[in-house]
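1. Task: produce atomic coordinates for the following.
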Amino acid sequence: MTAAESAGAGLRYDEGVSGLRILLLFVDGLGLGADDPAVNPVVRASTPVLRGLAGGPLAGPAPRQTPVASLVPLDACLGVPGLPQSATGQTALLTGRNAPAHIGRHLTAYPTPSLAALLASDGLLGALRRRGVPVALANAYTPAYFEAVAARRLRHGAITLHALQAGVRLRTVDDLAAGRAVYQDLTNARAREMGAEVPVIGPDDAGANLAGIARAHAFTIFEFFLTDFAGHGRIDDAVEIIERLDRFLGGVLASLDLTTTLVILTSDHGNVEDGRTRAHTTNPVPALLIGAARDVIRDRLRAITDVAPACLALLAGGAAGAPAGAPAADPAVAP
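-> Next up is the predicted model:
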């Protein structure tokens, strides 16, 4: 069966993994491109953490295994012509459904009402919450963001929209100042420029903060989109963004118990890995699996539509006995 044929078909497991926690690091616009530093900023960057995990540069279409991680290439095209895009790609990632096929095309930017309905009915965060699984979205949101949405200058992307649909709390600048959230730039510098009274920190410190959130929840998701900005030329130095991400990942892993936590680094489409274009690519995207239970799902991942079913299945054992329709508590000051 091809990846396109399996897209949205879902995965079945006999049981979940008791006591498991999952941290999903969503890196927007990161594909597995050519192993050529002349064209691929991901290969050109100094990434000791990623290289140590993957056994080499995060590049190329072949799966890999090392003693500490598994790298699985995932199809992001899903059998639909054209270049994969964010709204459909993220919806597919979050629901396990072939969102581009659902609306007949790849769609950029923000979910349509049809995609929003798919997220509401089949989204991972809602499915976990209904089973009593504690869920967190680790990103911090500034007052300026909420004001822009209220004024209709911005719309929620798929991940933020789905978190709201599922009743997952959006973290604020107060959380960021207390180390209970992570800002989009991994340093808080941009938040300070916007007037937030938060400390500037290193990406490794941001990683440690994310690990603290992940330790307190069975499922945590964090969205990093500066890679996609760099791929589109909205940020000049793609290499620096990749190196910042590498330091961040190192901080995450140094602060987690990987015998009980599965870290999944993945994406919705390619972009930053090909410096010859400002457009998205048709390259596969990584599923970099680190820590517990990676061998359970490694061979069952073929496309971005396989990620959400795998997470739900792995955590189902921990939710056994939770009443359907009873979301897990999400207290306002929880880590």
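2. if you skip the residues just before and after it, what's nearest to Ala45?
-> In this structure, Ala45 finds its nearest non-sequential neighbour in Ile242, 3.9 Å apart by Cβ to Cβ, 6 or more residues apart in numbering. Yep, even glycine has a C-beta here, placed from its N, CA and C like the rest.
3. quick one: pLDDT of the one you found?
-> Looking at Ile242, its pLDDT reads 98.
4. can you list contacts of the helix or strand that contains it?
-> Secondary structure from DSSP states H and E places Ile242 in helix 238-254. Helix 238-254 has contacts (Cβ atoms under 8 Å, 6 or more residues apart in numbering) with 23, 25, 27, 41-42, 44-50, 186-187, 202-208, 210-211, 214, 224, 226-227, 229-231, 235, 263, 265, 272, 275, 290.
5. For Ala120, list the residues it contacts.
-> 126, 162, 165.
6. Specify the local secondary structure of the residue lying closest to the last one once chain neighbours are set aside.
-> The spatially closest residue to Gln165, leaving aside those adjacent along the chain, is Ala120, at 4.8 Å (Cβ to Cβ, 6+ apart). Of the three states, Ala120 takes helix according to DSSP: H, G, I helix; E, B strand; the rest coil.
7. just to revisit the earlier point, next, count neighbours for the residue nearest to Ala45.
-> 26 (other Cβ atoms under 10 Å).
8. So which residues of the stretch 101-250 of the chain form strands?
-> With DSSP state E, counting those that start in this stretch, the ranges of strands along the stretch 101-250 of the chain come out as 135-137, 219-224.
9. Quick one: the ones you listed as TSV, columns for mean pLDDT too.
-> Converted to TSV, those look like this (pLDDT from 0 to 100):
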stretch	mean pLDDT
strand 135-137	98
strand 219-224	98
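10. Helix or strand with the lowest mean pLDDT in this structure?
-> Sorted by mean pLDDT, DSSP states H and E, the helices and strands of the chain end with helix 3-6, the least confident at a mean of 41.
11. on that earlier part again, which one of the contacts of Ala120 is nearest Ala76?
-> Taking Cβ to Cβ as the measure, Ala76 lies nearest His162 of these, at 18.3 Å.
12. so who does the closest one touch?
-> Here His162 is in contact with 94, 119-120, 123-126 (Cβ under 8 Å, 6+ apart).
13. just checking, Leu186 touches Ala206?
-> Yes: in terms of Cβ atoms under 8 Å, Leu186 counts as a neighbour of Ala206; the distance is 4.5 Å.
14. The helix or strand where Leu94 lies to strand 219-224, inter-axis angle?
-> Taking DSSP H and E as the criterion, Leu94 maps to helix 86-95. Helix 86-95 and strand 219-224 are oriented at 160 degrees to each other (axes from the mean of the first three to the mean of the last three Cα atoms, to 10 degrees).
15. and for helix 86-95, what are the contacting residues?
-> Helix 86-95 has contacts (Cβ under 8 Å, 6+ apart) with 7-8, 26, 28-29, 76, 78, 97-100, 102-103, 105-112, 115, 118-119, 122-125, 157-159, 162, 228, 266, 268-269, 304-305, 307-308.
16. and with 6 Å instead?
-> The contact list for helix 86-95 (Cβ atoms under 6 Å, 6 or more residues apart in numbering) reads 76, 99-100, 106-111, 115, 118-119, 122-124, 158, 162, 268-269, 304-305, 307-308.
17. Now the buried members of the residues you listed.
-> 76, 99-100, 106-107, 111, 115, 118-119, 122-124, 158, 162, 268-269, 304-305, 307-308 (16 or more other Cβ atoms under 10 Å).
18. Helices of the stretch 151-300 of the chain, residue ranges please.
-> Under the criterion DSSP state H, counting those that start in this stretch, the stretch 151-300 of the chain carries helices at the ranges 158-165, 173-177, 189-193, 203-215, 226-231, 238-254, 294-297.
19. Please determine how far the residue nearest to Gln165 is located from Val239.
-> In this view, Ala120 and Val239 are 39 Å apart by Cβ to Cβ, to the nearest Å.
20. Then Val42?
-> From Val42 to Val239 the distance is 9 Å (Cβ to Cβ).
21. Which one of these two is surrounded by more residues?
-> Between Val42 and Val239, Val42 has the larger neighbour count (other Cβ under 10 Å), namely 29 against 19.
22. pretty sure that one contacts Gly275?
-> No: applying Cβ atoms under 6 Å, one finds Val42 not in contact with Gly275, separated by 9.6 Å.
23. Start from the N-terminal end of the stretch 1-150 of the chain and give the helices.
-> Secondary structure of the stretch 1-150 of the chain, counting by DSSP H, counting those that start in this stretch: helices at 3-6, 41-44, 48-54, 86-95, 99-103, 113-122, 124-130, 143-150.
24. now those helices in TSV, with distance to Leu256?
-> Formatted as TSV, these follow (distance: least, Cβ to Cβ, whole Å):
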stretch	distance to Leu256
helix 3-6	29
helix 41-44	23
helix 48-54	13
helix 86-95	22
helix 99-103	30
helix 113-122	28
helix 124-130	19
helix 143-150	28
